[in-house]
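>>> Okay, predicted coordinates and the sequence, questions at the end:
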Amino acid sequence: MADKPLRDRIIDTALHLFEKYGYHGVTVDRIVAESDTSKGGFYHNFKSKDELLYHIHDVFITYALTKAQEAYESCSTPTERLYAIVQSFVKVFHLYKPHITVFYQESTYLKPEYAEPINEKREEFKQIIFRVIREGIEAGEFRPELSVEITGMSIIGMVNWTYKWYNPDGPLSIEEIAAYFADFILHAVLRTPENPAAARFLLRPTAE
């Protein structure tokens, strides 16, 4: 850790301590001591422990939102967009597992000035998924009887729960898990999963 920039050392130390002892169980003094810095070094990078907690929350939400926006812009059909969004969303739980664990444990401690921008990004991410589902229904790619809101929230809720059980050292890689999620979700929403344009996104049956 000593080779890392000071800001990264502070964040890594805080992630470890918050995850283990909780936000209120960790002082700035302890973060300073265990990250091998000084109070001056800490406050040069973060104006408070609250801002540090905000940064931990913001980094992965910003990543997920950016990837969803990129998927929407770079893909040409609702099926392609939903597949790409699910893939990147699932992979967040590997890239930012400690951040997300701390988020779910400690998000209630975010002050309003920090909670508001986080909630705005979460809402923006949700609305991208709603838009893709709505456009998929209108284009005839997704089942017409689907509720946009229930379908969207089901996808978000199902993928979000990954933080509770995902093990980086488990038998499946995050890419394989993302493929399972994408297959499950597309089979649920596609009007005709067997069509060639959609089939390339689905898992293939294993040979007997």
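Right, received. Where do you want to start?
>>> drop to CA atoms for contacts and neighbour counts, all remaining ones
Will do.
>>> OK, contacts around the residue nearest the centre of the chain?
Nearest to the geometric centre of the chain sits Val92, at 4.4 Å (Cα atoms, centre = their mean). Listed by Cα atoms under 8 Å, 6 or more residues apart in numbering, the contact set of Val92 reads Phe60, Tyr63, Ala64.
>>> can you give me the helices for this structure?
For the chain, helices defined by DSSP state H occupy the ranges 6-21, 28-34, 39-45, 49-74, 78-95, 97-106, 112-138, 148-160, 162-165, 174-189, 196-199.
>>> out of these, deepest packed?
Mean neighbour counts were compared across the helices of the chain using mean count of other Cα atoms under 10 Å; the top stretch is helix 78-95, at a mean of 21.
>>> Now do that one against helix 174-189, angle only.
Calculated by axes from the mean of the first three to the mean of the last three Cα atoms, to 10 degrees, helix 78-95 forms an angle of 140 degrees with helix 174-189.
>>> Now do helix 78-95 and helix 97-106, the angle between them.
Computed by the same axes, to 10 degrees, the angle separating helix 78-95 from helix 97-106 equals 90 degrees.
>>> just use 535 as the starting number from now, easier for me
Sure, I'll start numbering at 535, so the last one becomes helix 612-629.
>>> from the chain's centre, how far out does helix 612-629 sit?
The chain centroid and the centroid of helix 612-629 are separated by 9 Å, computed with Cα atoms, centre = their mean, to the nearest Å.
>>> Ok, stretch 644-663 next?
With Cα atoms, centre = their mean, you get 13 Å for stretch 644-663.
>>> What lies in contact with that stretch?
With contact meaning Cα under 8 Å, 6+ apart, stretch 644-663 is reached by 584-585, 587-588, 591-592, 595-596, 598-599, 602-603, 606, 616, 686-687, 690.
>>> Mean pLDDT for the helices of the chain - can I get that in a markdown table?
Below are those laid out as a markdown table (pLDDT from 0 to 100):
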| stretch | mean pLDDT |
| --- | --- |
| helix 540-555 | 91 |
| helix 562-568 | 94 |
| helix 573-579 | 93 |
| helix 583-608 | 94 |
| helix 612-629 | 95 |
| helix 631-640 | 86 |
| helix 646-672 | 96 |
| helix 682-694 | 97 |
| helix 696-699 | 90 |
| helix 708-723 | 95 |
| helix 730-733 | 73 |
